[in-house]
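Peer 1: using only what follows, build the 3D model:
(chains A and B)
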There are 2 protein chains.
Amino acid sequence: LVLGFSGGPDSLCLLDILQKCGYALVITHLDHQLRPESKQEAFAIQNMAKARNLACFIETADVNRYAKQHGFATEEASRNLRYRFLFQVARQENAQAVVVGHNADDQIETVLMHLLRGAGMSGLIGMRYRSLPNVWSDSIPLLRPLLGVWRKHILDYIEENNLKPFIDASNLDTTFYRNRIRHELIPYMESFNPRLREVIWRTAEIIGEDNAVLQVVTDEAWQNCHLETGKGFVALDVSVLVSQPTGIQRRILRHAIAHLRPSLRDIDYRKIAQTLDFLAAPTKSSQIELIAGLHLLMEGERLWLHDETAKLPQHQWPQVADSGSILDIPGELELLGGWKICATVIADTGQTRKQALENTDPYQAWLDMDILELPLAIRTRRPGDRILPLGMDGKSIKLSDLMVNVKLPQRARGSWPLVVSGAEIVWVPGIRLAHPYRVSRWTRRTMQLKLVKPNTAN
Amino acid sequence: LVLGFSGGPDSLCLLDILQKCGYALVITHLDHQLRPESKQEAFAIQNMAKARNLACFIETADVNRYAKQHGFATEEASRNLRYRFLFQVARQENAQAVVVGHNADDQIETVLMHLLRGAGMSGLIGMRYRSLPNVWSDSIPLLRPLLGVWRKHILDYIEENNLKPFIDASNLDTTFYRNRIRHELIPYMESFNPRLREVIWRTAEIIGEDNAVLQVVTDEAWQNCHLETGKGFVALDVSVLVSQPTGIQRRILRHAIAHLRPSLRDIDYRKIAQTLDFLAAPTKSSQIELIAGLHLLMEGERLWLHDETAKLPQHQWPQVADSGSILDIPGELELLGGWKICATVIADTGQTRKQALENTDPYQAWLDMDILELPLAIRTRRPGDRILPLGMDGKSIKLSDLMVNVKLPQRARGSWPLVVSGAEIVWVPGIRLAHPYRVSRWTRRTMQLKLVKPNTAN
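Peer 2: Down below sits the predicted model:
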């Protein structure tokens, strides 16, 4: 076990008990250099470890520099550096767990701090006896064996066993805020219920158990609605997401945000609420700003959470390089990202005509081969492109209007493949056939075109 | 809409808004008779309703008597009587909903009261905009349209619209405790975070959404583990129950307790925790006392939650009336609760012998008919009953020891059917065959006995 050792009563009590129980211990101490006597304390800790015959790793951190560098408050910076060091030692020593000395009073203070700050359910849980996975490791658990022991009982133990803490506990109360909660708010609240600490400790316990259930439900829902993750983005399936209960939608969004912004600690409730509203009733705009530089983009059934600068994939659509290509008949042409367009010639039969007339699959098209001017080319759109969509008798419409009408996402339009015959667009794959090229009762030879998704049997 | 109308600013504001919105309103007021001026106020409310051209139902309650009768505190008694009356009027008037005037500040106070009292997650939710089902109805929702509006904005509305509340709001603050929370605790906590009210309101909102998810998960788990419910008892499937996450086990138990004790408001955390421990590792004792006179009894795969005096069903076992009966051969005998014992004679073949020797189903037995002394009788146990169980060569054992060994619940033993031949037990149905009566290579005629569960194809 790798023990995070501050030198205060909690970690000294824990050290003494674990050693008596016969655990193999490694003492780990980070000298935060925030108080002048810290160096001397680190030295005393090293001596104590030697006296107790325990391995001891001590490191010195420049907390203030790190805090400034990352924009953290001093306490948060200390915490980050301390745990990073603890888990680094744990990995290096092949430890079974990292153990820290938080007690039941710490738990109450943490819960109340979160309540006052408004951290929702995950805040009210406070700390857990055992955290795995945790922020620092997926395989090494973080244990808090004293989480159910009140501070006064730890001090009793220290006295009875004649132990000498290296640090005055009050020195560790670096934050004015936590101090006020400990020394003012909790005693005041106890005037409303003398058993307040017990009651809050249990509330955290119950909410922790409830949260574990919700985590399982969320993980399952995440499996169902997560489409892909890449550098600076996460894509979710909108219809699966909005079919979840609000509580789960909220958690999925938080999970995605936490993935993209791991160091973000408080996720603004209002931004999540706003996002849920946006999902429930997307406005004309398909994107909103989320939080911490993250953006939200709705493209058809896809919801992107992304960095402003992230390069979002386009492989969910058929896309083609700008330079035109010839489509062999019969034959196939590879598009970008594994998409394909295939062409076959079918000896005409009544069956094919029936199939062509009844077709509702935009990924397939049957064309009257004798009307086509060959060869067929595949190219991207050009200014002035028009098409007379199948079934629309009369005037042609602008290709750009067609793309808007079928709600083709903006990003997809520029490189969308078009099948052209001479100067005419005959098929917009996945979207619409041009009316003049349709199969009719006069058709003698039929050409079938197919748009094939990546990794799909033809 | 049936409006619960106290005459205070909240319900007056709500009344005014709903009427302006064109809702058909029925005003409902319960005179609690707790203050001398209450009769006069009721009269004034009646006049106001007349002036506003609204139907108005006023009733007088003897809160103190009701409180004494049911052991409720005055506030709780008032609340029960008030809502009972509201929903009674709603049913009678075919109302779409019951509407009450709780505001955002009430929500904060409720959440903090629950937090201080330790009501766990369901307490921290506070109140909801819409409750259905609720304690009073499964079909008529309880609505709180002002739940997101702060008290000060309601008072602004009252002033701007020149409305005259009938009751000084402070008069309604009947409880010292809630008053202290409103006037002392909340302002004090605001010194830690000026946006405290907003933050707590949101916490309740988020936890409410999470709770709705858990409710769905719990309902599903309940379907899977609930076996039966009767007068004063609920039976749950132990193995399904313990396979649930702790949070869900807790909720299932609370649900069962709430079913048996609908008026119980606080379910003691420790008792639930103790029950969970009992389920996880049942001690030698198969029963513990639960809460509010409820008991917990573990019988095999069944967990009973029951009143001490409840008559628990025995139809899950084969049971027989004490007086002996003759088993016709071939033929069948009806036991209690739809169970049956069937006897058939089988012309012996090698196939039957093989089946008999390989049989592991305690609900079937094959016997050597020529060894049996006929007729066979079915009776309950008697002092001194012994049996030589199949496969145990040597001495017979006490029937009572066999019953203990196979962990037959105490309650099941007295009326368990025994198949006897002369003075000898030949089969304990569902448990064990007697060795001397087994089928062997010398068997010429075989009798097959079957124990048949209720509603099961033979």
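Peer 1: part of a strand, is A:Gly123?
Peer 2: No. Assessed by DSSP: H, G, I helix; E, B strand; the rest coil, A:Gly123 does not belong to a strand; its assignment is helix.
Peer 1: tell me the spacing between it and chain B.
Peer 2: 8 Å (CB to the nearest CB, to the nearest Å). All C-beta atoms are positioned from the backbone trio N, CA, C, and that covers glycine.
Peer 1: in contact with the closest residue in space to that residue that isn't next to it in sequence, which residues?
Peer 2: Spatial nearest neighbour of A:Gly123, chain neighbours left out: A:His114 (3.1 Å); criterion: CB to CB, 6 or more residues apart in numbering or on different chains. In this structure, A:His114 makes contact with A:Gly123, A:Leu124, A:Gly126, judged by CB atoms under 8 Å, 6 or more residues apart in numbering or on different chains.
Peer 1: any idea how many residues pack against the first one?
Peer 2: A:Gly123 sits with 20 neighbouring residues when counted by other CB atoms under 10 Å in any protein chain shown.
Peer 1: around chain B, which positions in the stretch 251-400 of chain A sit nearby?
Peer 2: Proximity of the stretch 251-400 of chain A to chain B, by CB under 8 Å from any CB of the partner chain, involves residues A:Tyr269.
Peer 1: where in the stretch 251-400 of chain A is pLDDT low?
Peer 2: Across the stretch 251-400 of chain A, residues meeting the criterion (pLDDT under 70) sit at A:265, A:282-285, A:348-349.
Peer 1: pick out the residue of it closest to chain B.
Peer 2: With CB to the nearest CB as the measure, A:Tyr269 is the residue of the stretch 251-400 of chain A nearest to chain B, at 5.0 Å.
Peer 1: so what's that residue up against?
Peer 2: Residues counted as contacts of A:Tyr269 (CB under 8 Å, 6+ apart) are A:Gly118, A:Gly120, B:Arg202, B:Ile206.
Peer 1: rerun at 6 Å
Peer 2: Listed by CB atoms under 6 Å, 6 or more residues apart in numbering or on different chains, the contact partners of A:Tyr269 are B:Arg202.
Peer 1: next one: A:Leu333
Peer 2: So, once contact is read as CB under 6 Å, 6+ apart, A:Leu333 ends up touching A:Ser325, A:Leu327, A:Ile341, A:Ile378.
Peer 1: farthest pair in those residues?
Peer 2: Taking every pair in the contacts of A:Leu333 and measuring CB to CB, the maximum separation is 9.5 Å, between A:Ser325 and A:Ile341.
Peer 1: of those two, who's got more company?
Peer 2: Neighbours of A:Ser325 and A:Ile341, each counted by other CB under 10 Å, are more numerous for A:Ile341; the result is 24 against 16.
Peer 1: state whether A:Leu433 is indeed within a helix.
Peer 2: No. Note on A:Leu433: no helix contains this position according to three-state DSSP, which reports strand.
Peer 1: check the gap between it and A:Arg382 for me.
Peer 2: A:Leu433 sits 19 Å away from A:Arg382, going by CB to CB, to the nearest Å.
Peer 1: so those two - more neighbours on which side?
Peer 2: Regarding A:Leu433 and A:Arg382, a neighbour count based on other CB under 10 Å identifies A:Leu433 as having more, with 27 against 11.
Peer 1: wait, that one sits on A:Leu390?
Peer 2: Yes. In terms of CB atoms under 6 Å, A:Leu433 counts as a neighbour of A:Leu390; the distance is 4.3 Å.
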